[in-house]
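Colleague: Need the 3D shape of this:
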Amino acid sequence: MVRAKLLYAALVISVAVFYVLYIDSFPLVVLVCLLVIPIILRTALFWLHMTSGSELCFRRGGCRVGESVPVTLLIESKCPFSFPRAEAELTVRHSFSRKCETVRMKFPLQARNVTRLTFYVTPDRCGIVEIRVKRLRAYDIFCLFRTNLRRTVDTTTLLVLPEPLSLPMQDGAPPVEQPDGERFSGKAGEDPSEVFAIREYRPGDQVSRMHWKLSSRSEELLVKDFSAPIRKNCLLYLEYHPVKDLLTAETLVKFSYSIAHALVGGGYICDIAWTDSRTGTVQLHKPETLEELDAAYAALYDSLYSLRTKAQAAREAFNGMPYSSVTVLTNDADPVLTGFLTEDLQANRRNLICIGQEPPALSGKDLALYCVDPAAPSLDLLIL
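Modeller: Alright, predicted model coming up:
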């Protein structure tokens with residue numbers, strides 16, 4: 001732009017010198033035009049600045065690692081003039097891997113029109129991806145002046161979830177009685193003392209649940225669904241001590257999400273919890289759908305680097321809450337956590353999954369210990 005201004009100034013000076021030397025009307029007209037054009041260009045750019053707006057748009061909801069997500073930058077111009085040159089600079093910051101990328105685009109702006117610029121974000125790690133418009137400018141036709149376009153929404157975030165792993169899991173923990181509440185009203189359970197509903201037979205249903213009298217009266221097989229409060233209720237408790245190795249954190253998130261995805265997708269009651277050391281409170285989420293599960297992991301990413309078990313807060317949060325099974329995932333099983341797992345949690349089944357380290361020496365017939373290597377993650381049979 002400096003070069004264009006120097007050339008334009010040289011042109012104005014040349015025309016002025018030509019007019020002084022020859023005193024003619026034509027160079028005078030050209031000189032006046034050259035002096036008026038910058039004023040017109042500045043006015044047009046000011047008009048564009050006052051009537052423009054931009055917004056970042058993309059598909060809502062979470063995406064998977066390695067999935068390409070189209071992100072569109074919408075630029076609205078109500079100015080009656082077109083501008084052949086404009087440029088945008090955006091930053092794409094991956095919060096999990098702390099990697100930052102820059103996207104630059106050049107484009108024209110049409111008069112009284114909406115310009116759509118689309119680029120693709122392909123995250124290679126899970127976490128939160130922040131997309132921010134760093135610079136949005138337009139230039140006049142001679143590149144003498146420029147103006148910043150107004151940004152209505154210049155920052156947005158994209159939730160990146162891990163691809164669920166196919167882990168060997170077995171439904172083997174006995175169900176437990178659940179407290180009364182809205183969450184369990186209207187849900188079938190395992191209490192044979194009361195029939196919750198009658199429905200059609202589905203492959204895999206137990207023969208003992210067949211309602212033979214009603215089935216004999218109709219042309220189809222009918223099955224009894226028993227009522228709550230006896231039901232499977234699983235707890236996933238996460239603990240992460242910040243380390244430089246991002247692979248360890250990613251493995252912990254991936255394993256926990258895979259277990260929760262299988263439970264929620266299978267219709268089980270699943271609680272996900274962690275202690276946020278910044279506030280000293282336990283964050284407890286009760287997702288009943290996969291959409292609610294994704295929202296829970298958005299909150300988990302926000303506090304991932306401050307997860308640390310505080311025994312008193314955990315005891316107060318889970319006091320009197322029975323679980324059929326509890327699975328704790330950690331990368332540093334300290335005595336506070338192991339004591340909380342073995343002594344303070346009411347559960348028929350307990351699992352301790354250590355990421356990147358050997359599990360401590362604990363014993364118990366209902367306690368299973370697992371070690372996961374982040375470089376080659378695998379898991380033996382997990383009973384929930």
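
Colleague: what ranges do the helices span in the stretch 101-250 of the chain?
Modeller: Using DSSP state H, counting those that start in this stretch, the helices of the stretch 101-250 of the chain run over residues 212-217, 246-265.

Colleague: buried set for the shortest one?
Modeller: Spelled out, that is helix 212-217. Buried residues in helix 212-217, defined by neighbour count with 16 or more other C-beta atoms under 10 Å: residue 215. All C-beta atoms are positioned from the backbone trio N, CA, C, and that covers glycine.

Colleague: what pLDDT, on average, does that helix get?
Modeller: The pLDDT scores in helix 212-217 average 72.

Colleague: cool, stretch 93-101 as well?
Modeller: For stretch 93-101, the per-residue pLDDT averages 82.

Colleague: just stretch 345-362 next, same as before
Modeller: On average, stretch 345-362 scores 84.

Colleague: what about it, start to end distance?
Modeller: 15 Å (C-alpha to C-alpha, to the nearest Å).

Colleague: starting at the chain centroid, how far to that stretch?
Modeller: When distances are taken as C-alpha atoms, centre = their mean, to the nearest Å, stretch 345-362 is centred 28 Å away from the chain's centroid.

Colleague: What of stretch 284-291?
Modeller: The answer for stretch 284-291 is 14 Å, by C-alpha atoms, centre = their mean.

Colleague: Repeat that for stretch 210-226.
Modeller: Distance, centroid of stretch 210-226 to centroid of chain: 45 Å (C-alpha atoms, centre = their mean).

Colleague: CA atoms of that stretch as PDB?
Modeller: Output of stretch 210-226 as PDB, limited to C-alpha atoms (Å, rounded to 0.1, in the frame of the first residue of the first chain):
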ATOM      1  CA  MET A 210     -42.500 -63.200  28.900                       C
ATOM      2  CA  HIS A 211     -46.100 -62.300  29.700                       C
ATOM      3  CA  TRP A 212     -47.600 -65.700  28.600                       C
ATOM      4  CA  LYS A 213     -51.300 -64.800  29.300                       C
ATOM      5  CA  LEU A 214     -51.400 -61.700  27.300                       C
ATOM      6  CA  SER A 215     -49.200 -63.300  24.600                       C
ATOM      7  CA  SER A 216     -51.700 -66.100  24.200                       C
ATOM      8  CA  ARG A 217     -54.500 -63.700  23.700                       C
ATOM      9  CA  SER A 218     -52.700 -61.700  21.100                       C
ATOM     10  CA  GLU A 219     -50.900 -62.600  17.900                       C
ATOM     11  CA  GLU A 220     -47.500 -61.400  19.100                       C
ATOM     12  CA  LEU A 221     -45.100 -62.100  22.000                       C
ATOM     13  CA  LEU A 222     -45.300 -59.600  24.900                       C
ATOM     14  CA  VAL A 223     -42.600 -58.900  27.500                       C
ATOM     15  CA  LYS A 224     -42.800 -57.400  31.000                       C
ATOM     16  CA  ASP A 225     -40.500 -54.400  31.800                       C
ATOM     17  CA  PHE A 226     -39.900 -54.200  35.500                       C
END
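
Colleague: Any idea how many residues pack against the nearest residue to residue 105 once chain neighbours are set aside?
Modeller: Distances taken as C-beta to C-beta, 6 or more residues apart in numbering put residue 88 closest to residue 105, at 4.9 Å, once the chain neighbours are dropped. Residue 88 has 22 neighbours, counted by other C-beta atoms under 10 Å.

Colleague: Phi, psi for residue 88 please.
Modeller: Backbone geometry at residue 88, expressed as degrees, to the nearest 10, gives phi -130, psi 140.

Colleague: Was I right to think it contacts residue 73?
Modeller: Yes - counting by C-beta atoms under 8 Å, residue 88 does reach residue 73; the two are 6.2 Å apart.

Colleague: Which positions within the top helix by length along the chain qualify as buried?
Modeller: With DSSP state H applied, the helix covering the greatest number of residues in the chain is identified as helix 25-51. Residues of helix 25-51 classed as buried: 27, 30, 31, 34, 37, 38, 41, 44, 45, 47, 48 (neighbour count, 16+ other C-beta under 10 Å).

Colleague: try stretch 143-153
Modeller: Quick answer for stretch 143-153 (16+ other C-beta under 10 Å): 143, 144, 145, 147, 149, 150, 151.

Colleague: Format those as JSON lines; extra columns: pLDDT and distance to residue 77.
Modeller: What follows is the buried residues of stretch 143-153, written out as JSON lines (pLDDT from 0 to 100; distance: C-beta to C-beta, whole Å):
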{"residue": "143", "pLDDT": "84", "distance to residue 77": "18"}
{"residue": "144", "pLDDT": "86", "distance to residue 77": "19"}
{"residue": "145", "pLDDT": "88", "distance to residue 77": "16"}
{"residue": "147", "pLDDT": "91", "distance to residue 77": "11"}
{"residue": "149", "pLDDT": "90", "distance to residue 77": "8"}
{"residue": "150", "pLDDT": "86", "distance to residue 77": "10"}
{"residue": "151", "pLDDT": "84", "distance to residue 77": "13"}
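
Colleague: didn't residue 263 look like it was pressed against residue 270?
Modeller: Yes - in this structure residue 263 lies within contact range of residue 270 using C-beta under 8 Å: 4.1 Å.

Colleague: quick one, strands of the stretch 201-350 of the chain?
Modeller: Secondary structure of the stretch 201-350 of the chain (DSSP state E, counting those that start in this stretch): strands at 222-227, 230-231, 233-239, 269-276, 281-285, 325-330, 350-355.

Colleague: Looking at those, which is nearest to residue 336?
Modeller: Residue 336 lies closest to strand 233-239 among those, at 9.3 Å (C-beta to C-beta).

Colleague: shared neighbours of residue 88 and residue 73, which are they?
Modeller: Counting by C-beta atoms under 8 Å, 6 or more residues apart in numbering, the common neighbours of residue 88 and residue 73 are 105, 117, 133.

Colleague: Let's see the pLDDT reported for residue 304.
Modeller: Taking residue 304 on its own, its pLDDT is 72.

Colleague: Residue 246 is in contact with that one, correct?
Modeller: No - counting by C-beta under 8 Å, residue 304 sits too far from residue 246 to count as a contact (10.7 Å).
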